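In: Everything below, folded, please.
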Amino acid sequence: MYLGVRCAVASAILRAMSRMSQSLCPFFISIFAVGCLPDMADDKAVAAQLAQSAAGDSAGELTDSSGANDTGSADADDITGATKEDAADAGPGDAGLSDTGLGDTGLGDTGLSDTGAADAASNDATASDATGDGLDEEGSKFCGDKSACDDGNSCTVDSCAPLDGACTHKPHTGPCSDGVACTLGDKCDDKANCKAGQKVLFDRILPETTTAKPYYALTHTSGDAIVVGQRNGQPWVARVTPLGAIAWQVKDGSTTGAWLGAAMGKNGNIVVGGYGGLKSLPFPRMGHVSPAGKILYAKKVSTYVNGNIRTVTALNPDLMAITLDREVTGALPVDLYTRTTGLRWVPSQNKIQAAIFGHGSPNKSAEIYNGVAEPMASRITYVGTREVSKAKTYDGWLLRMNTKTNTVTGNVTLGKSGIDSFYSVAARKNGGYFAAGGSDDQVSSHSEAWLVAFDPKLNVIFESHYGSKWSTWASRVVGRANGGAMLLGDVGVGANTALIKYTDGFVWRVNPFGATTRINHYGGDKEQGFTGWVPRGEGMQLFARHGPAITSTLRSIRVDAWGYASCAGSGPCIAKPLSYCAAAAAPCAVRYCIPTGACKTSALGKNEACGNGKICTSAASTAKCTPK
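Out: Model (predicted):
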């Protein structure tokens with residue numbers, strides 16, 4: 001390297017002298033009539049001196065006086081030779097490969113383009129100096145190019161040696177992606193292989209929750225799910241991760257009873273409500289649980305002697321709207337009825353702020369089971385059931401409240417001659433609500449799942465019944481981004497309506513008009529019942545009771561947007577949004593994703609809803625959609 005630098009310096013000095021003599025030659029001729037040496041002689045002299053000091057440059061790559069690129073043997077400068085400086089530059093060292101001029105601008109070979117090494121002819125014949133960064137010797141890749149050493153493996157740390165351009169690929173054991181949307185937590189092993197993590201979709205029974213009965217679920221601020229209910233006959237709270245593992249669970253051992261509702265309070269605390277004592281003789285209780293599972297307090301609501309706290313809905317982190325259902329004695333000792341009361345609870349003060357409403361009177365029981373808050377609209381909407389006659393006829397009931405004025409802005413009952421109840425309410429995409437529950441209006445021998453869609457003014461858009469020869473009811477309804485809904489609930493399984501062996505949990509996908517477009521049952525000779533859910537992207541994480549009441553456990557099921565609960569069953573569908581399978585052109589046809597990732601078209605059933613107030617005339621996808 002040192003010899004090359006000496007040679008380069010000598011070359012620069014000699015060339016500068018040569019150019020100076022050429023530029024002064026006309027002046028001397030005109031003044032002194034003195035002639036000058038031809039430039040070829042100068043180049044030959046320079047070449048001779050360079051040959052003595054650095055044999056590696058004897059084949060050429062002397063610089064053009066102008067610093068222009070050499071194109072090799074085709075250079076005009078190299079051809080004329082007698083009048084240009086580069087007669088020596090037509091050698092085999094530049095055989096068709098171009099110099100950029102960055103290293104040959106008259107500064108000579110200083111090592112910027114030749115890395116200080118001898119410029120053997122073979123070097124220039126195998127790699128070009130197109131970028132001028134000088135890191136292209138022997139065909140090596142450029143370290144300046146970030147992709148030069150990228151081996152395409154996310155489980156290696158790729159690097160490049162700047163001196164020789166050699167690439168190294170060191171394995172790491174960090175996170176990676178196996179390219180399958182159905183797994184989370186993929187990780188590299190010590191051999192640079194990406195190993196699949198836990199499957200996103202699952203159906204898991206959690207044995208550590210033996211005797212647990214879940215009644216409600218919500219999303220914690222951490223992203224985990226909070227499930228409340230009863231375990232070993234006592235109020236119980238569990239925190240469950242998105243992958244179905246129990247983070248913690250805690251029982252209130254001070255009393256028997258259960259937590260029936262919950263909402264998020266301040267600082268990630270969970271506000272819970274339910275009852276203590278026996279289910280037949282309950283007293284209302286409220287509680288506060290920390291994000292780590294510590295019971296901050298759990299106490300009886302002393303204002304009321306008996307009753308259940310059915311719903312807990314956050315108006316803000318420190319103000320809860322709660323509903324209390326309690327038995328009240330009428331004019332006669334045997335004249336009992338249920339009265340529901342709306343209250344405001346302040347968790348930080350552990351007390352009731354005010355009573356807002358009360359419904360129910362002798363022979364006219366009223367119960368609220370679920371509510372949905374709309375903070376931007378300053379309202380909360382409840383659903384439940386109301387008694388309408390002494391013959392024990394009940395109607396589904398929807399009650400809407402203004403949370404600023406604490407006044408009723410909507411009060412609707414719906415039903416016929418049987419027992420009808422709404423157990424769940426959800427907001428619809430375009431305003432209004434879905435209310436779901438059970439009804440025996442259509443079949444007197446057993447209940448059917450029941451779904452009603454209301455517009456923002458609480459007018460009925462459609463009313464649909466779903467069922468079979470066994471009792472069926474919907475315990476939860478979820479509004480979807482496509483304007484439809486998901487129904488969660490229970491369906492009886494047995495020999496006949498009088499002998500139900502067990503119930504299966506179901507997930508039914510419903511189109512915006514109320515027709516079922518996808519049906520999935522989960523169970524299998526065990527008592528099931530979906531009682532809670534939390535959103536997971538466009539899919540859901542569901543919670544159910546698994547097994548008989550005495551030995552039941554918590555069951556956690558995660559489904560994709562299409563209702564599939566296994567990676568094998570879902571396939572590429574898990575990565576597809578609800579909008580992937582566009583609506584079918586025919587009104588009595590539906591489209592959905594199948595495990596191969598394709599969209600399938602199938603027909604709605606006869607008399608299934610195909611539009612507002614319209615039904616299909618047959619079970620063919622080409623059936624007409626006509627008014628009822």
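In: show me the contacts for residue 293.
Out: Neighbour list for residue 293: 237, 239, 247-250 [criterion: CB atoms under 8 Å, 6 or more residues apart in numbering]. Using the backbone N, CA and C atoms, a C-beta is placed for each residue, glycine as well.
In: how far away is it from residue 545?
Out: Here residue 293 is placed at a distance of 21 Å from residue 545 (CB to CB, to the nearest Å).
In: And the pLDDT for the residue positioned nearest the centre of the chain?
Out: Averaging the C-alpha coordinates of the chain gives a centre point, and the residue nearest to it by CA atoms, centre = their mean is residue 537 (4.5 Å). The score at residue 537 is 85. That number is its pLDDT.
In: Identify the spatial nearest neighbour of it, chain neighbours not counted.
Out: Leaving aside its chain neighbours, residue 537 sits nearest to residue 561 (7.5 Å; criterion: CB to CB, 6 or more residues apart in numbering).
In: Number of residues surrounding the one you found?
Out: The burial metric for residue 561, expressed as a neighbour count using other CB atoms under 10 Å, is 26.
In: who touches it in this structure?
Out: When contacts are taken as CB under 8 Å, 6+ apart, residue 561 is in contact with 537-539, 573-574, 576-578.
In: Now, those that are in strands?
Out: Assigned to strands by DSSP state E, the following of those qualify: residue 539.
In: Nearest to residue 424 among the contacts of residue 561?
Out: The shortest approach to residue 424 among these belongs to residue 539, at 18.5 Å (CB to CB).
In: Next, count neighbours for the closest residue in space to the closest one that isn't next to it in sequence.
Out: The shortest distance from residue 539 to any residue other than its chain neighbours is 4.4 Å, reached at residue 560 (CB to CB, 6+ apart). For residue 560, the tally of surrounding residues (other CB under 10 Å) stands at 26.
In: Test my guess that residue 560 contacts residue 571.
Out: No: with the criterion set as CB atoms under 8 Å, residue 560 and residue 571 do not qualify as a contacting pair; they are 9.8 Å apart.
In: Put the buried members of the contacts of residue 293 into a ChimeraX selection.
Out: The following ChimeraX selection, which keeps only the buried ones among the contacts of residue 293, applies the criterion 16 or more other CB atoms under 10 Å:
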select :237,239,247,249,250
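In: of the contacts of residue 561, buried ones?
Out: Buried members of the contacts of residue 561, scored by 16+ other CB under 10 Å, are 538-539, 573-574, 576, 578.
In: Got phi/psi on residue 304?
Out: Torsion angles at residue 304 (phi, psi; degrees, to the nearest 10) stand at phi -120, psi 140.
In: Find me the pLDDT at it, would you?
Out: At residue 304 the predicted local distance difference test score is 87.
In: Could you do residue 64 as well?
Out: Model confidence at residue 64, given as pLDDT, is 37.
In: again with residue 219
Out: On pLDDT, residue 219 comes in at 96.
In: So for it, what's the nearest residue that isn't a sequence neighbour?
Out: Beyond its immediate neighbours in the sequence, the residue positioned closest to residue 219 (CB to CB, 6+ apart) is residue 534, lying 4.5 Å away.
In: what's the first-to-last distance across stretch 260-280?
Out: Between the opening and closing residues of stretch 260-280 lies a distance of 15 Å (CA to CA, to the nearest Å).
In: so how far is that stretch off the chain centroid?
Out: Average the C-alpha atoms of stretch 260-280, do the same for its chain, and the two points are 29 Å apart (CA atoms, centre = their mean, to the nearest Å).
In: ok, now how distant is residue 186 from residue 154?
Out: Relative to residue 154, and taking CB to CB, residue 186 is found at 9 Å.
In: and what of residue 212?
Out: 40 Å.
In: Have a look at those two and say which one is more surrounded.
Out: When neighbours are counted by other CB under 10 Å, residue 212 comes out ahead of the other of residue 212 and residue 154, with 24 against 16.
In: The more buried one: what's it in contact with?
Out: Contact analysis of residue 212 by CB under 8 Å, 6+ apart lists 229-231, 236, 238, 545, 552-554.
In: Same question for residue 450.
Out: Residue 450 neighbours (CB under 8 Å, 6+ apart): 396, 420, 422, 436-439, 463-466, 473-474.
In: intersection of neighbour lists for residue 186 and residue 154?
Out: Taking CB under 8 Å, 6+ apart as the contact rule, residue 186 and residue 154 both touch 176-177, 194.
In: Check pLDDT for these and point me to the minimum.
Out: When those are compared on pLDDT, residue 177 comes out lowest, with 88.
In: okay, now the closest residue to it other than its chain neighbours: neighbour count?
Out: With sequence-adjacent residues excluded and distances taken as CB to CB, 6+ apart, residue 177 is closest to residue 186, at 5.5 Å. Residue 186 has 18 neighbours, counted by other CB under 10 Å.
In: Over to residue 359?
Out: In terms of burial, residue 359 registers 22 neighbours under the definition other CB under 10 Å.
In: what about the stretch 401-550 of the chain, any weak spots by pLDDT?
Out: 442-445, 468-469, 493-502, 523-527, 549 (pLDDT under 70).
In: Let me see the ranges of the helices in it.
Out: Applying DSSP state H, counting those that start in this stretch to the stretch 401-550 of the chain gives no helices.
In: One more: the chain?
Out: Residue ranges of the helices in the chain, as given by DSSP state H, are 2-32, 39-53, 76-80, 121-126, 567-570.
In: In the shortest one, which residues are buried?
Out: Right, helix 567-570. Neighbour-count burial for helix 567-570, counted by 16+ other CB under 10 Å, picks out 567, 569-570.
In: show me what contacts residue 507?
Out: With contact taken as CB under 8 Å, 6+ apart, residue 507 is in contact with 486-488, 519-520, 522, 530, 542, 559, 563.
In: and the residues you listed as JSON lines, adding distance to residue 452?
Out: Supplementary listing: the contacts of residue 507 in JSON lines, determined by distance: CB to CB, whole Å:
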{"residue": "486", "distance to residue 452": "15"}
{"residue": "487", "distance to residue 452": "12"}
{"residue": "488", "distance to residue 452": "16"}
{"residue": "519", "distance to residue 452": "20"}
{"residue": "520", "distance to residue 452": "22"}
{"residue": "522", "distance to residue 452": "25"}
{"residue": "530", "distance to residue 452": "19"}
{"residue": "542", "distance to residue 452": "22"}
{"residue": "559", "distance to residue 452": "24"}
{"residue": "563", "distance to residue 452": "22"}
